[in-house]
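**Q** A structural model of the following input is requested.
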Amino acid sequence: MMTRSMCVILFLTFITAGMILGIFLQLLQFWNLEKSSGPSPWVSKKQSAFLHLGLVKPEILSWSPRIILFRNFLTMEECDYLKTIAEPHLQASQVQDTKTGKAVTSDARTSYGTFLTLGQTKFSMIQAVEKRIAIFTQIPQENAELLYVIRYRPTEYYLVHHDYLPEDTIAGLKGGQRVATMLMYLSNVVEGGETYFPLAGSGNCSCGGVTVQGLCVKPNKGDALLFWNMGLNGKVDPRSLHSGCPVLKGEKWTATSWMRQGSARGFWNTKKPWTSEAFKRSYTA
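**A** Here you go, the predicted structure:
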């Protein structure tokens, strides 16, 4: 009887020890997988720190249209750097004439801005920003237009508009339609300057000191706003209508990345010299 009891005890002890060892080995395997995976399959551990990935906090603002706010998307140094390299080259912002397709100045858009050059995209800090955009949008870096840095002073604004291009201008256009927009805030605005989506949200908000219905996003230095100009059905989304509310006090600085359906950078790789008119026709809207 004693021998049988000892055998049962030894058997149960063996089973228990095996289960504990199995759990330990499984936890060890999970730890190794987590340690080796990193924050993104696109980047190494060293790149992860350089790209600021661990500090970015996404917040969904709307499903229709699709709008996501990324807190801490840019570092303060990146914001100041973009402003510094762009400021000497600012010119009156333009819109695309719906009749001629040419870029023209308009009372609908009173800010000043400039596109970064292809050479500037090779700078390490610009590379970090563009790679970060590609990671969080899941749109290849080559599909992005050159970054456009914009400055709004008091009373300046951009009336309601869509970022997608007129459908009759897409045929033969390098990169195709604009799929999404990443709007990055480079400064804090004392008053006004909100980004306003009249067809998003269901409450009221303040746009340049005026109470309106919809969704208003107040600029916060380092944050970025991602919104989709095309729906999941592959068609342009009219609900992505938005505006830049008038600045009341302070200055508003932003950097915008418009992302296309296909490669938008191949235009710059041609050996033929590009003209300002070709640049405006292909990249400004």
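**Q** you'd agree Gly54 is in a helix?
**A** Yes. With DSSP: H, G, I helix; E, B strand; the rest coil as the criterion, Gly54 is part of a helix.
**Q** number of nearby residues for it?
**A** Neighbours of Gly54 under the rule other C-beta atoms under 10 Å: 10. Where C-beta positions appear, they are placed from N, C-alpha and C, glycine not excepted.
**Q** swap in Asp80?
**A** For Asp80, the count of nearby residues is 15 (other C-beta under 10 Å).
**Q** element containing it, please.
**A** Per DSSP states H and E, Asp80 falls inside helix 76-86.
**Q** so which bits of that helix are buried?
**A** Using 16 or more other C-beta atoms under 10 Å as the burial criterion, the residues of helix 76-86 that qualify are 78-79, 81-83, 85-86.
**Q** the residue positioned nearest the centre of the chain: what secondary structure?
**A** Nearest residue to the geometric centre of the chain (C-alpha atoms, centre = their mean): Met182, 3.1 Å. Three-state assignment for Met182 (three-state DSSP): strand.
**Q** which residues does it contact?
**A** Applying C-beta atoms under 8 Å, 6 or more residues apart in numbering, we find Met182 in contact with 133, 136-137, 224-226, 256-257, 259.
**Q** apart from its chain neighbours, what residue comes closest to it?
**A** Leaving aside its chain neighbours, Met182 sits nearest to Ser257 (4.4 Å; criterion: C-beta to C-beta, 6 or more residues apart in numbering).
**Q** for that neighbour, list the residues it contacts.
**A** Neighbours of Ser257 in contact, by C-beta under 8 Å, 6+ apart: 130, 133, 144-145, 147-148, 181-182, 184.
**Q** what packs against the helix or strand just after the helix holding Asp80?
**A** Once the chain leaves helix 76-86, the next helix or strand it forms, by DSSP H and E, is strand 91-92. Packing partners of strand 91-92 (3 or more C-beta pairs under 8 Å, 6 or more residues apart in numbering; DSSP states H and E): strand 112-115.
**Q** export only the CA atoms of the strand it packs on, formatted as PDB.
**A** Once non-C-alpha atoms are left out, strand 112-115 reads as follows in PDB (Å, rounded to 0.1, in the frame of the first residue of the first chain):
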ATOM      1  CA  TYR A 112       2.800  81.400 -47.400                       C
ATOM      2  CA  GLY A 113       4.600  78.200 -48.100                       C
ATOM      3  CA  THR A 114       7.300  76.300 -49.900                       C
ATOM      4  CA  PHE A 115       8.100  72.800 -51.000                       C
END
